[in-house]
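pasting the structure only:
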């Protein structure tokens, strides 16, 4: 056997050997998973064809992709009208399942743009159910507001030993900060103002959903006052405090006005803000956020980085909130660095 042939054989053995290493295999699998999750057709001859089923995990109903013996992944979407039927979420779940991970998407009130503490309980229970059935701690992937809910749930004592890590995409850190950006067009972080161009629908959703938190007899008059159809002097004290917060356009007054809210409203904002429990999250966190996010201001990632210095932070440009969008203003110049970061994000989840 000549020297060249021996070199080629030795090289082939080394390449195959490296491919069999868990770390290398995980990165290769992550690349295929990422491309498939983005809707691309990728040859995966050894990947199982996993079909979803309606199931109950930890007493929580949802959609289950049962696959493999690796640690399971809980996917927590944001306020998507289609809920567990959302095609993008299912493409993601299926891609992860084909990498050998059992994936569960829980039914949540959040899909209907409702903030209920029952959802936090569902996330905790689903993690517990997945951990019990697999015998391993669970990785959580939270998307948009679902990422924020996941971070809050991660601080629950019952997650200890059951949760391995939390990855978020387009999540907020402080709900008061989101209100500030939506109402004033920017965020204040460390005594500096960060402008934000949000989607027009963000203000409408904020007004409608916060109105539902008021006593039923106050809701119509509150919305009428916001529309200019009712003199604000006719509002009840709790409605007037909320009106002053949502009608405010001075970002430096947001915190002051939020403090005047009825205790029940103030408590709700705190209950759904990861900033309130950041010190109690004992697992690794990886946060990915688009710089040009039109629904959750980029300043929320800056807040998260300051409040959770142990978290790993990634920023991308070719995403519109949580959707891959190469037509964004950054253009194709950001394609390679962005895909590299999202590949790392996917690898990190699979390594859970």
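Structure received. The structure displayed is predicted, hence computed values, not measured ones. Numbers count the residues shown, from 1 in each chain.

all the helices of the chain, residue numbers only.
For the chain, the helices defined by DSSP state H occupy 3-20, 22-37, 87-97, 117-134, 145-154, 175-184, 201-211, 216-226, 237-247, 254-259, 263-271, 299-307, 335-350.

please name every helix or strand in contact with the fourth one.
Going back to what we said before, that points to helix 117-134. Contacts defined by 3 or more C-beta pairs under 8 Å, 6 or more residues apart in numbering; DSSP states H and E place helix 117-134 against strand 53-57, strand 60-65, strand 73-76, strand 103-106, strand 138-143, helix 145-154. Yep, even glycine has a C-beta here, placed from its N, CA and C like the rest.

make CSV out of these and add distance to residue 260.
Below are those laid out as CSV (distance: least, C-beta to C-beta, whole Å):
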stretch, distance to residue 260
strand 53-57, 41
strand 60-65, 37
strand 73-76, 32
strand 103-106, 35
strand 138-143, 31
helix 145-154, 24
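
I'd like to know which of these is closest to residue 116.
Of all those, helix 145-154 sits nearest to residue 116, with 10.1 Å by C-beta to C-beta.

could you provide the helices of the chain in CSV, with additional columns for mean neighbour count, distance to residue 107 and mean pLDDT?
As requested, these are exported to CSV (neighbours: other C-beta atoms under 10 Å; distance: least, C-beta to C-beta, whole Å; pLDDT from 0 to 100):
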stretch, mean neighbour count, distance to residue 107, mean pLDDT
helix 3-20, 10, 39, 43
helix 22-37, 17, 21, 54
helix 87-97, 22, 12, 89
helix 117-134, 20, 8, 97
helix 145-154, 27, 12, 97
helix 175-184, 23, 22, 95
helix 201-211, 16, 19, 83
helix 216-226, 16, 25, 90
helix 237-247, 19, 29, 94
helix 254-259, 16, 31, 96
helix 263-271, 14, 20, 93
helix 299-307, 21, 26, 97
helix 335-350, 18, 22, 87
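
of all those, which one is nearest residue 51?
Here helix 87-97 is closest among the helices of the chain (C-beta to C-beta), at 8.8 Å.

tilt between that closest one and strand 60-65?
60 degrees (axes from the mean of the first three to the mean of the last three C-alpha atoms, to 10 degrees).

which residues does residue 132 contact?
residue 58 (C-beta atoms under 8 Å, 6 or more residues apart in numbering).

so who does the closest residue to residue 293 other than its chain neighbours touch?
Using C-beta to C-beta, 6 or more residues apart in numbering and skipping residues adjacent in sequence, the residue nearest residue 293 is residue 321, 5.2 Å away. Applying C-beta under 8 Å, 6+ apart to residue 321 gives the contacts 144, 170, 290, 293-296.

let's go with 6 Å and repeat that
Counting by C-beta atoms under 6 Å, 6 or more residues apart in numbering, residue 321 touches 170, 293, 295.

mind putting the helices of the chain into JSON lines with distance to residue 50?
Converted to JSON lines, those look like this (distance: least, C-beta to C-beta, whole Å):
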{"stretch": "helix 3-20", "distance to residue 50": "23"}
{"stretch": "helix 22-37", "distance to residue 50": "12"}
{"stretch": "helix 87-97", "distance to residue 50": "4"}
{"stretch": "helix 117-134", "distance to residue 50": "15"}
{"stretch": "helix 145-154", "distance to residue 50": "22"}
{"stretch": "helix 175-184", "distance to residue 50": "35"}
{"stretch": "helix 201-211", "distance to residue 50": "34"}
{"stretch": "helix 216-226", "distance to residue 50": "44"}
{"stretch": "helix 237-247", "distance to residue 50": "44"}
{"stretch": "helix 254-259", "distance to residue 50": "45"}
{"stretch": "helix 263-271", "distance to residue 50": "35"}
{"stretch": "helix 299-307", "distance to residue 50": "32"}
{"stretch": "helix 335-350", "distance to residue 50": "15"}
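
quick one: which of these is nearest residue 67?
Here helix 87-97 is closest among the helices of the chain (C-beta to C-beta), at 4.3 Å.

name the helices or strands packed onto the closest one?
Judged by 3 or more C-beta pairs under 6 Å, 6 or more residues apart in numbering; DSSP states H and E, the packing partners of helix 87-97 are helix 22-37, strand 103-106.

which residues touch the shortest one?
Contacts of strand 103-106 from elsewhere in the structure, counted by C-beta under 6 Å, 6+ apart, are 57, 60, 62-65, 73-75, 84, 93, 96-97, 122, 126, 130.

so which two of the residues you listed are the farthest from each other?
97 and 122 (20.5 Å).

let me know how buried residue 73 is, in neighbour terms.
Neighbours of residue 73 under the rule other C-beta atoms under 10 Å: 26.

cool, and residue 190?
8.

give me the pLDDT for it.
pLDDT for residue 190: 90.

now it: how far from residue 303?
Counting by C-beta to C-beta, to the nearest Å, the gap from residue 190 to residue 303 is 10 Å.

and which of the contacts of strand 103-106 is nearest to residue 315?
residue 75 (21.9 Å).

how about that closest one, what does it touch?
Neighbours of residue 75 in contact, by C-beta under 6 Å, 6+ apart: 93, 103, 105, 141.

next: residue 67.
By C-beta under 6 Å, 6+ apart, the residues touching residue 67 are 48, 50, 97, 100, 102.

what bridges to the residue nearest to the third one when sequence neighbours are not counted?
The one in question is residue 97. Of all residues not flanking residue 97 in the chain, residue 65 sits nearest, at 3.6 Å (C-beta to C-beta, 6+ apart). Beta-bridge partners for residue 65, by DSSP bridges, are residue 103.
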